[in-house]
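Chemist: coords please:
(one chain, ligands or ions: 1)
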Amino acid sequence: MSKTHFGYQSVDEAEKAGKVAEVFHSVASKYDVMNDLMSFGLHRVWKKITIARANVRPGQKVLDIAGGTGDLAAAFAKATDWGRNPDAQVWLSDINASMLGVGRDRLLDRGMALPCVQFDAEKIPFPNNHFDVVTVAFGLRNMTHKDVALGEMCRVIKPGGRVLVLEFSKPDAFLQPVYDAYSFKVLPWLGEKIAQDSESYRYLAESIRMHPDANTLKEMMLGVGFDEVETHRMTGGIVALHIGIKY
Ligand SMILES: C[S@@+](CC[C@H](N)C(=O)[O-])C[C@H]1O[C@@H](n2cnc3c(N)ncnc32)[C@H](O)[C@@H]1O
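Modeler: The predicted structure is shown next:
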């Protein structure tokens, strides 16, 4: 495929960004129901573990990146005592207006008028050393320059702060055949039946395959400025939680 540059993006990169925008605009209204169905509800368990490991305390400042429909932001609003503790800040953010709109409405339904802000994680509109915790769940693999986005996340956490990256990873070898069949056959079929959109779910399965394995991601995080990175593989390595710490 052509690599001609316009601006800072190659054609491949612009295509990827366009595809990601199209996919999430298309899946936004069915995202939550599909998430439960596709993961057999396991995404809730993975997110609970992420929330527990974030160890957020009342009065802290938290940014959820690529936050979509707001699962993590809602949990952090409770953990920070947002709305009662004047120091607490919890921001829901996403590049995609459709996903962010669904997230904002869901939070409002739960009585949480959290600030929602639309931006590309590769250019985070916050100052250096601002947040105690930054999270990104199932968002990193969609980003065009993952290293740039991770560098930005590292920049905006305070010294002693942490960035939690929850993402699909490389499963153990014995799971691979079932996992492949599920991703490339069942997922697009479910996408067609429930959301009338097999193409978007085929993209999601492919984007999972292209994502770096746990060790490569750890090295990438160390390379962009984190001083320490913990890795927790879950469910046979289907997903991994990386925690980057800045001293
Ligand atoms: C699979 S959803 C995850 C939503 C939510 N974090 C969750 O775990 O349910 C991925 C999200 O990443 C967002 N996203 C993709 N590229 C992004 C970027 N460059 N910057 C910020 N958000 C991005 C998409 O719009 C989408 O809402």
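Chemist: residue contacts, Gly237?
Modeler: Residues in contact with Gly237 (C-beta atoms under 8 Å, 6 or more residues apart in numbering) are Ser169, Lys170, Pro171, Asp172, Leu175, Ala214. (Glycine included, C-beta is placed from N, CA and C.)
Chemist: what's the neighbour count on Ile243?
Modeler: Ile243 has 21 neighbouring residues, counting by other C-beta atoms under 10 Å.
Chemist: ugh, wrong one, I meant Ala205
Modeler: Ala205, neighbours per other C-beta under 10 Å, totals 20.
Chemist: Go ahead and confirm it touches Val186.
Modeler: No - look at Ala205 against Val186 with C-beta atoms under 8 Å: they stay out of range, at 9.4 Å.
Chemist: Throw the contacts of Gly237 into JSON lines and include secondary structure and pLDDT, thanks.
Modeler: What follows is these, written out as JSON lines (DSSP: H, G, I helix; E, B strand; the rest coil; pLDDT from 0 to 100):
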{"residue": "Ser169", "secondary structure": "coil", "pLDDT": "95"}
{"residue": "Lys170", "secondary structure": "coil", "pLDDT": "93"}
{"residue": "Pro171", "secondary structure": "coil", "pLDDT": "95"}
{"residue": "Asp172", "secondary structure": "coil", "pLDDT": "95"}
{"residue": "Leu175", "secondary structure": "helix", "pLDDT": "95"}
{"residue": "Ala214", "secondary structure": "helix", "pLDDT": "97"}
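Chemist: The ligand: which of those residues is nearest?
Modeler: Ser169 (14.5 Å; C-beta to the nearest ligand atom).
Chemist: Okay, the closest one and Ala73: tell me how far apart.
Modeler: Per C-beta to C-beta, to the nearest Å, Ser169 is found 23 Å from Ala73.
Chemist: Tell me the pLDDT of Val11.
Modeler: Confidence at Val11, expressed as pLDDT, is 59.
Chemist: ugh, wrong one, Ala195
Modeler: According to the prediction, Ala195 has pLDDT 82.
Chemist: What does it show for phi and psi?
Modeler: Note on Ala195: backbone dihedrals following degrees, to the nearest 10 are phi -110, psi 0.
Chemist: if you skip the residues just before and after it, what's nearest to it?
Modeler: Lys30 (4.3 Å; C-beta to C-beta, 6 or more residues apart in numbering).
Chemist: So out of everything in this protein, what residue is nearest the ligand?
Modeler: In the chain, the residue that lies nearest the ligand is Gly68 (2.6 Å; C-beta to the nearest ligand atom).
Chemist: re earlier: what's the PyMOL line that selects buried ones from the contacts of Gly237?
Modeler: Filtering the contacts of Gly237 down to the buried ones (16 or more other C-beta atoms under 10 Å) takes a single PyMOL command:
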select buried, resi 169+170+171+214
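Chemist: And the furthest pair within the contacts of Gly237?
Modeler: Using C-beta to C-beta, the contacts of Gly237 span at most 14.4 Å, a distance reached by Leu175 and Ala214.
Chemist: for stretch 222-230, which positions count as buried?
Modeler: Within stretch 222-230, the residues that count as buried by 16+ other C-beta under 10 Å are Val224, Phe226, Val229.
Chemist: measure it end to end?
Modeler: In stretch 222-230, first residue to last residue: 10 Å (C-alpha to C-alpha, to the nearest Å).
Chemist: Met38: how many residues sit nearby?
Modeler: Neighbour number of Met38 under other C-beta under 10 Å is 20.
Chemist: show me the contacts for Ala28.
Modeler: So Ala28 contacts Thr69, Asn96, Ser98, Met99, Gly101, Val102 (C-beta under 8 Å, 6+ apart).
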